[in-house]
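**Q** Sequence plus predicted model, see below.
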Amino acid sequence: MRYLRQTPLSHLLLCLAFSLLLSPWANATNDDMRLLRGAFYFSYLDEDYAAALHYLERWREQEGAVEGSSTDLTAAGFALESQVMEAAIYLALGMEHRAQALYRQVEQSGSQASGDAWFHLARRWMELSRWQDAENSITRALTLSDSLNPEYLQQALFIQSSSRSHQDKIAQSVLSEQMDSTGIWAGLARYNRILAGMRLNAKSRDLEKWIAVAVADLSSDDYETQSLRDRILLIAGIYALDAGKHRRAERYFKEISQNTVFTAPGLLHYGWTLVEQWKYQQAMQPWRILQQRFNNFHPAVMESILGVPHALELLNATTQSLKTYEVVEGRLQQMLSQLRAVNQRPVINDWMDNWLTQSPVSRVENNATAFGAGHPQWGWLNQTTADLPDHQLTRILQPVLDDARFNQRIAQLRDLQQLQQQLNQQNNQLQLWQAVVTERQQRLQKLGGEQLLQQLAQRQQQLLAQVQQMQQALNAEDDKVFAYASAADQKNIGHLAAVIPAVEYLQQVNDPTRDLQPYKERWRRVRGVQLWNIYQDQPQRRWQTQQSFWQLRKNSEQLSGQLANSHTALAWANSSWQGFPQQLSQARQQLAQQQQQVALLDQQQREQLAAQVQHYLTDLDGRLSDYLAQSRLSIARLYDDALQNYVVESSGADDADQGGSDE
C-alpha cells in the first residue's frame with residue numbers, strides 16, 4: 001500500500017524557497033535561470049503543469065545561453081535537472097512511456113541534477129507503484145543531500161524504506177539513523193515494513209516487536225498519527241486473529257481509538273475475537289457501541305447486527321436470542337425498504353444532479369459576469385470537491401464514495417460539465433455576433449449609405465467650386481484702388497460721387513439763386529474722408545477676409561477627408577462583412593457537433609456512474625437479503641427447537657401420568 005501525505009500549498013511554497021536558497025546553484029551568475037527555475041517549481045508544486053511546461057521551455061532556452069558563456073558545471077546541472085523534472089511532469093500527466101524513455105536517458109547520463117528533482121521524480125514513481133524506479137531515484141536524491149531540501153529529507157527516507165518494503169527487501173528497509181523515529185514518515189515506513197513481513201510470513205516475534213515499536217512511537221494526538229496507529233493495530237489484530245492468537249488480537253483491537261475511520265472495523269473484529277474466546281456476553285458490548293455510533297448501512301454495522309443474537313444463542317439465552325432475531329428481522333426489512341426506494345434510476349440521477357449543481361463549477365458559473373471570468377480550473381488542476389448532499393443515498397453509498405474509480409468518473413463528469421458550459425457560452429457569443437452583423441447590415445441598408453455619400457460628394461464639389469470663385473475674387477480684390485471695401489462703404493461712395501453731377505445738372509436746368517461752389521467742395525471733402533477711412537481699414541479687413549477664407553478652406557479640406565474616409569469605411573464594411581455570416585454559421589454548426597459529442601460523453605459518463613451505484617446497491621440488497629434469510633432461518637430453527645422441546649416434555653409428562661395410573 002502507498003502513503004504520501006498531502007502537503008499544504010503554503011508549506012510547499014516555503015519548501016520551494018528553502019530549496020532555491022539552499023541549492024548549490026543558488027549563487028550562479030545567471031539570475032534569469034534561477035528565476036525561471038523558481039517559477040517552474042512554483043507551477044509544478046501548484047500542480048499547474050501547463051504553466052510548468054511553459055517555464056520549462058523558457059528554461060531550456062536560457063540553458064543554451066548559459067552553455068555558450070559558462071565553463072562550470074552549472075549549465076550542465078540545470079540541463080539535467082530540467083530533464084528530470086520533465087519526466088516527473090510526464091508521469092503526473094499519465095504519459096508514462098515518454099517519462100520512462102526520458103528517465104532512462106537521464107539515468108545513463110549521471111546524477112548531476114539537484115536532489116529536489118530526483119526526489120520529485122521518486123514521488124511520482126511511488127504513486128505509480130514503480131518501486132524499483134522509486135528506489136533508484138530516491139537513492140540518487142539522498143546521495144545529493146547537499147542539494148536536497150531539508151524539509152524533504154524525512155519523506156525521502158520514507159520513500160527509500162517503503163520502496164524496499166514493497167519489493168520484499170525487509171533486511172534493507174530498516175529505518176535510517178537520520179529519520180525521526182517519532183515522526184509520521186517513520187510510522188508510515190514501519191507500517192509498510194510490517195505489511196511486507198506479514199506477506200513473507202516473518203517470525204511472529206519480529207512482527208510483534210515491529211508493531212510494538214511502531215505503536216509506541218506514534219504517540220501524537222493529531223488525527224493523522226492516530227489514524228496510522230489505529231490502522232497498524234487493526235491489521236496486526238486481524239493477522240493475529242487469523243493465526244489463532246486470540247489474546248494478542250484482543251489486546252490489539254482493544255487499543256484502537258474511537259475517533260478514526262478504523263474504529264468501526266476494529267470494534268467488529270474485537271467482538272469476533274471475544275466470541276472466539278467464548279466471551280459471548282462481552283462480545284456484544286463493542287457491537288452495540290458500533291451500532292449506536294455508525295450508520296446502519298456501514299458494512300461493519302450490518303455484520304454486527306446478526307452477531308448480537310448469535311452471541312445470545314451461544315449463551316443459551318434462547319428466548320432473548322429469539323426476540324433479538326425478530327428485532328433484527330424488522331430492522332433488516334426496514335433497511336431493505338429504504339435501499340429499494342433509492343435503488344432507482346430517477347432517484348440516482350436526481351441525487352447526482354443535486355451533487356453536481358452544488359459543485360464549485362456551477363456556483364462559479366452562476367456568478368460569472370463575463371466569458372472566462374471566475375471559471376475554476378478543471379482537469380488535473382481542479383482540486384476542489386463539493387460537499388455531498390444530505391441524502392439517504394449519500395449515507396448508503398459511503399464505501400462507493402471512497403472508491404478511486406468512482407471519484408475519477410465524477411471528476412471526469414465535472415470536466416465534461418465545465419466543457420459544456422464553456423461551449424454554451426461560446427455559442428451565445430456567436431449568436432450575439434450574428435445579431436450584430438444582421439443589425440448593422442440592416443442599418444446600413446436603411447441609411448442608404450452609398451446614395452448618401454454620392455449626394456454629399458456632389459455637394460462637396462459645389463462647395464469646392466465656390467471656394468475657387470472666392471479665391472479668384474480675393475486675388476482680384478488686391479488690384480482695386482480701394483480694396484476690401486464693404487457693401488455699405490461702396491454704396492456711400494456711390495451716393496457721394498453722384499451728388500456733384502446732380503448739382504451741376506441742376507445748374508444747367510435752372511439758374512441758381514446762390515453760389516453752389518462751397519457745397520461742391522464740401523461734398524468732395526466728405527467723399528475724400530469716406531475714401532480715406534476705407535483706405536485706413538483696408539489692412540484689418542484684408543486680414544479678416546483672409547482668415548475667414550482660410551477657415552472655410554480648412555473646413556472644406558476636412559469635409560473632403562471625412563468624405564474619403566466614409567467611402568473607405570463603406571468599402572471596408574462591405575468587404576469585411578462579406579462571408580462573415582457564413583463563417584459564423586459554419587462555426588455554430590461545428591460547435592453544435594461538439595456539443596452533441598460532449599453531451600453524448602456526458603450521458604455515457606452518467607450511465608457508467610449510475611450503473612456503478614446500482615451495482616453496489618444491488619449487491620448490498622443481496623447481502624441484506626442473505627442476512628434477512630439467515631435471521632428468519634434462525635427464528636424458524638429456534639421456534640422448531642422450542643417446539644420439539646415442548647413436544648418431548650409433553651410426551652414425557654404423559655408417560656409419567658400413564659405410569660402412575662397403572663400403579
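**A** Nice, I can see it.
**Q** doesn't Gln408 make contact with Leu609?
**A** No: the criterion here is Cβ atoms under 8 Å, and Leu609 misses it with Gln408 at 10.5 Å. The C-beta positions use only the backbone N, C-alpha and C, and glycine is treated the same way.
**Q** Between these two, tell me which one has more neighbours.
**A** Neighbours per residue (other Cβ atoms under 10 Å) separate Leu609 from Gln408, with Leu609 holding more: 19 against 10.
**Q** Over the longest helix anywhere in the chain, what's the mean pLDDT, rounded is fine.
**A** When the chain is parsed with DSSP state H, its longest helix is helix 580-662. Taken as a whole, helix 580-662 carries a mean pLDDT of 83.
**Q** and what of stretch 116-136?
**A** Mean predicted lDDT for stretch 116-136 stands at 90.
**Q** What strand or helix carries Thr394?
**A** Using DSSP states H and E, Thr394 maps to helix 392-396.
**Q** Please state the offset of the helix or strand containing Gln547 from the chain centre?
**A** Counting by DSSP H and E, the element that carries Gln547 is helix 538-577. Helix 538-577 sits 57 Å away from the centroid of its parent chain (Cα atoms, centre = their mean, to the nearest Å).
**Q** Equivalent analysis for stretch 436-444, please.
**A** The answer for stretch 436-444 is 39 Å, by Cα atoms, centre = their mean.
**Q** now do stretch 346-358
**A** Using Cα atoms, centre = their mean, the offset of stretch 346-358 from its chain centre is 21 Å.
**Q** again, but for stretch 250-265
**A** On Cα atoms, centre = their mean, the centre of stretch 250-265 falls 37 Å from that of its chain.
**Q** Please measure how far the first residue of that stretch sits from its last one.
**A** Taking Cα to Cα, to the nearest Å, stretch 250-265 runs 13 Å from one end to the other.
**Q** before we move on, what about stretch 243-259?
**A** 27 Å.
**Q** Residues contacting it, please?
**A** 204, 208, 211, 215, 223, 226, 229-230, 233-234, 236-238, 240-241, 262-263, 266-267, 269-270, 273-274, 276-277, 293 (Cβ atoms under 8 Å, 6 or more residues apart in numbering).
**Q** rerun at 6 Å
**A** Stretch 243-259 has contacts (Cβ atoms under 6 Å, 6 or more residues apart in numbering) with 226, 230, 233, 236-237, 240-241, 266, 269-270, 273, 276-277.
**Q** Just send the residues you listed back as TSV, with pLDDT and neighbour count too.
**A** As requested, these are exported to TSV (pLDDT from 0 to 100; neighbours: other Cβ atoms under 10 Å):
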residue	pLDDT	neighbour count
Gln226	92	18
Asp230	93	23
Leu233	94	24
Ala236	93	25
Gly237	93	27
Ala240	92	23
Leu241	91	20
Gly266	93	27
His269	93	22
Tyr270	93	26
Thr273	93	26
Glu276	90	14
Gln277	91	13
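**Q** With distance to Ile159 and secondary structure as added columns, please give those residues in a markdown table.
**A** Supplementary listing: these in a markdown table, determined by distance: Cβ to Cβ, whole Å; DSSP: H, G, I helix; E, B strand; the rest coil:
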| residue | distance to Ile159 | secondary structure |
| --- | --- | --- |
| Gln226 | 23 | helix |
| Asp230 | 23 | helix |
| Leu233 | 24 | helix |
| Ala236 | 24 | helix |
| Gly237 | 28 | helix |
| Ala240 | 29 | helix |
| Leu241 | 31 | helix |
| Gly266 | 29 | helix |
| His269 | 31 | helix |
| Tyr270 | 34 | helix |
| Thr273 | 35 | helix |
| Glu276 | 39 | helix |
| Gln277 | 41 | coil |
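**Q** Out of these, which comes closest to Ser634?
**A** Glu276 (19.9 Å; Cβ to Cβ).
**Q** Excluding covalently adjacent residues, which one is nearest to that closest one?
**A** Excluding the flanking residues, the one nearest Glu276 by Cβ to Cβ, 6 or more residues apart in numbering is His246, at 5.0 Å.
**Q** Against Ile159, how distant is that neighbour?
**A** Distance from His246 to Ile159, counting by Cβ to Cβ, to the nearest Å: 37 Å.
**Q** Could you double-check that Ala236 lies in contact with Lys209?
**A** No: using Cβ atoms under 6 Å, Ala236 is not in contact with Lys209, being 11.6 Å away.
**Q** What are the boundaries of the helices in the stretch 251-400 of the chain?
**A** 263-276, 280-293, 299-314, 318-342, 345-357, 360-367, 392-396, 398-401 (DSSP state H, counting those that start in this stretch).
**Q** Thr438: which of these is closest?
**A** Per Cβ to Cβ, nearest to Thr438 of the helices of the stretch 251-400 of the chain: helix 360-367, 28.3 Å.
**Q** still on that earlier bit, tally of neighbours for the residue nearest to Glu276?
**A** His246: 19 neighbours (other Cβ under 10 Å).
**Q** before we move on, what about Lys245?
**A** 17.
**Q** State the phi and psi torsions of it.
**A** phi -90, psi 80 (degrees, to the nearest 10).
**Q** separation between it and Ala214?
**A** On the measure of Cβ to Cβ, Lys245 and Ala214 end up 18 Å apart.
**Q** And for Gln583?
**A** 68 Å.
**Q** So between the two, which is more surrounded?
**A** Ala214 (23 against 11).
**Q** Does that one touch Ile232 like I think?
**A** Yes: Ala214 lies in contact with Ile232 (Cβ under 6 Å); the separation is 5.3 Å.
**Q** Show me where the stretch 351-500 of the chain dips below the pLDDT cut-off.
**A** Applying pLDDT under 70 to the stretch 351-500 of the chain flags residues 358-387, 447-450, 476-490, 492-497, 499-500.
**Q** close enough to count as contact, Arg409 and Leu609?
**A** Yes: the criterion here is Cβ under 6 Å, and Arg409 meets it with Leu609 at 5.3 Å.
**Q** what's the overlap in contacts for the two?
**A** Counting by Cβ under 6 Å, 6+ apart, nothing touches both Arg409 and Leu609.
**Q** Show me the helices in the stretch 401-550 of the chain, by range?
**A** Taking DSSP H, counting those that start in this stretch as the criterion, the stretch 401-550 of the chain carries its helices at 404-447, 449-477, 487-509, 517-536, 538-577.
**Q** Please compute how far the longest helix of the chain lies from its chain's middle.
**A** For helix 580-662, the distance to the chain centre is 38 Å (Cα atoms, centre = their mean).
**Q** May I see the helices of the stretch 251-400 of the chain organised as a markdown table, with distance to Trp125 added?
**A** Formatted as a markdown table, the helices of the stretch 251-400 of the chain follow (distance: least, Cβ to Cβ, whole Å):
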| stretch | distance to Trp125 |
| --- | --- |
| helix 263-276 | 31 |
| helix 280-293 | 39 |
| helix 299-314 | 33 |
| helix 318-342 | 42 |
| helix 345-357 | 34 |
| helix 360-367 | 31 |
| helix 392-396 | 36 |
| helix 398-401 | 28 |
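**Q** in terms of contact, does Thr324 touch Gly307 like I think?
**A** No: Thr324 is beyond contact range of Gly307, at 10.4 Å (criterion: Cβ under 6 Å).
**Q** Show which residues not belonging to the helix or strand that contains Arg205 make contact with it.
**A** Assigning secondary structure by DSSP H and E places Arg205 in helix 204-217. Residues from elsewhere that reach helix 204-217 (Cβ under 6 Å, 6+ apart): 181-182, 190, 194, 197, 229, 232, 236.
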